[in-house]
Each structure stands twice: as structure tokens, then as C-alpha cells.
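Enquirer: With the sequence up front, the predicted model follows.
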Amino acid sequence: MATGVQIVFDCADPDKLATFWASALHYKKQDPPAGFASWPDFLKAQGIPQGQWNSASAIVDPDGVGPRIYFQQVPEGKTVKNRVHLDLNVGGPRSAPPDERRRRVDAEVGRLVQLGARQSRTIEERGEYFINMFDPESNEFDVQ
Amino acid sequence: MATSVQIVFDCADPDKLAAFWAAALHYTKQDLRSAIADPDGTGPRISFQRVPEGKTVKNRVHLDLNIGGGFGTPQDERRRRIDAEVDRIVRLGARQARTVEERGGYFVNMFDPEGNEFDVH
């Protein structure tokens, strides 16, 4: 069986970035541990000072299929192009007509921009169509 | 339904890095494009693309490998599973960095053959 993976983003504002990516991927914030109505309730019970409550946040696929994504606060900012990034598969199968794939990609990009992403280059090559984007902390990702 | 994602690594040698990660995750090489996939179709596809620039700083996005079984597993058992997996992955070409123990957690920081950070936890 394959090893399960979790994707981890270093960031400045875990809660804000988790909110963006949960909406972007149709994920949800991870529920607090059993017996706690909210994350603040849990963190308070653990004795964690309120100033550290936004040190991390996690989102999950509600259907349990896609990988969990974890956001952790780090002191340093982003300085160079990320060497690891996500592609969002929204265009449908390669067998789908190019016009249909383009329509789906463009519509999704419009939705992601409204959520706080920035659109960069549009690339068409060898029958592929995808759009480079940046999340609210300028992490690169592609919609294809 | 959630949007499916693919993870993409910029690298110097896509074929070599794909071979490492396929062995590390029990994935299989997928096609000629240096991509690897979970044979059961569960985990995300990972693809590797050659870029001219080298790695210069700590990656801002990395993978955690879920090996220990989570907090429902006794700590000794988690540690045993993690240590065994770290040994296996080192033989595949990874380097072991720090071992971290905090708040009941136990994980090991590692580097893949091109210096990309990942954690076994």
C-alpha cells in the first residue's frame, strides 16, 4: 500500500491561508478533537496562550479522498519561486474537447480570483491549457 | 466534490527523483513524463519537471509521510515504525536530519536526493 502523504505550507497566516485553500479545493477546516466545540476551546484547554493559536491550521477533503493540507507559521517570508507546487485538476480528462477544458479552467480561475488568488500567465502548448496563479501568500499553483 | 490535486517538484533530474519518490512512497512510475502515481489510485499523483535553477532556500511547501499511525498509536510503536521507515528511505538515497520530539509528537526531518525537505511522522 502506498504511504499516505500530507502537504505542508510554511506561511505567515495559517488561518487565512487555510481558509483560502479550503474554499479553493472544496475542502473544510479540520474539526477540533472530540469533546471540544471549537479549536479555541481545545487550545485553551491545552493551556496554549492565545498569541499562539494561529501557529497552525489544517484542512481536509470532506470525503476523505484528497491529502490533508497543513499550514504552519514560520518567521521567514517567501523569497524565491517555490520548488514544490500544486496543480489543480479542473479541466477534465485529456480526452475532453479542448474548448470544454478551456471553459472549465477559465471558470475556475475566475472563482479562485474572487477568493483572493492572483492570475499570472496562461499557457497553451502541445494541446495543454493551463493558467499559472498565486495564492494570497504568493505561493505558485497551476489550474489545468 | 473536492478538487483533485497533483504535486509538482521542480528538479535537476526528473527521472532520478521520480525513481526515489516512487520507491519511498510505494508509488509506480506512470509514463514517460517522470510522473508517479499511487497504484491504488488513492494518493495524489506527483510529477517532476526539470528547471534550470537549483535549490537555494528551504522549501516553503513540503511533504509529510504518514508512517507512525497517528496519536491513536502508542508512542513506542509510532517511534519504532518511524525509525524503521527512516532507515529504509535512507537506503533509497535520502538523508536524515533532525529528530524532533515535542508535545507527544515524534518525527524525523529528512532530505530527498536533491535536498528537498520532508518529514516522516
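Expert: Arrived safely.
Enquirer: Please name the residues that touch B:K29.
Expert: Residues near B:K29 by C-beta atoms under 8 Å, 6 or more residues apart in numbering or on different chains: B:18-19, B:22, B:35-36. Every residue, glycine included, has its C-beta placed from N, CA and C.
Enquirer: who does the helix with the most length in chain A touch, helix- and strand-wise?
Expert: With secondary structure taken from DSSP state H, chain A has its longest helix at helix A:98-115. Taking 3 or more C-beta pairs under 8 Å, 6 or more residues apart in numbering or on different chains; DSSP states H and E as contact, the helices and strands that helix A:98-115 lies on are helix A:14-25, strand A:128-134, strand A:140-143.
Enquirer: Those: which one's closest to A:E108?
Expert: strand A:140-143 (5.5 Å; C-beta to C-beta).
Enquirer: could you dump the closest one to CSV, C-alpha only?
Expert: Written as CSV, here are the backbone C-alpha positions of strand A:140-143 (Å, rounded to 0.1, in the frame of the first residue of the first chain):
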residue,chain,number,x,y,z
GLU,A,140,2.6,29.5,-7.1
PHE,A,141,0.0,27.0,-8.3
ASP,A,142,-1.5,26.0,-11.7
VAL,A,143,-5.0,25.4,-12.8
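Enquirer: Which residues of chain A lie near chain B?
Expert: Contact residues, chain A versus chain B (C-beta under 8 Å from any C-beta of the partner chain): A:1-11, A:24-27, A:61-63, A:65-67, A:70, A:76, A:78-90, A:108, A:139, A:142.
Enquirer: Tell me the buried residues within these.
Expert: With burial judged by 16 or more other C-beta atoms under 10 Å in any protein chain shown, the buried subset of the residues of chain A next to chain B is A:2-3, A:5-11, A:24-25, A:27, A:61, A:66-67, A:70, A:78, A:82-90, A:108, A:139, A:142.
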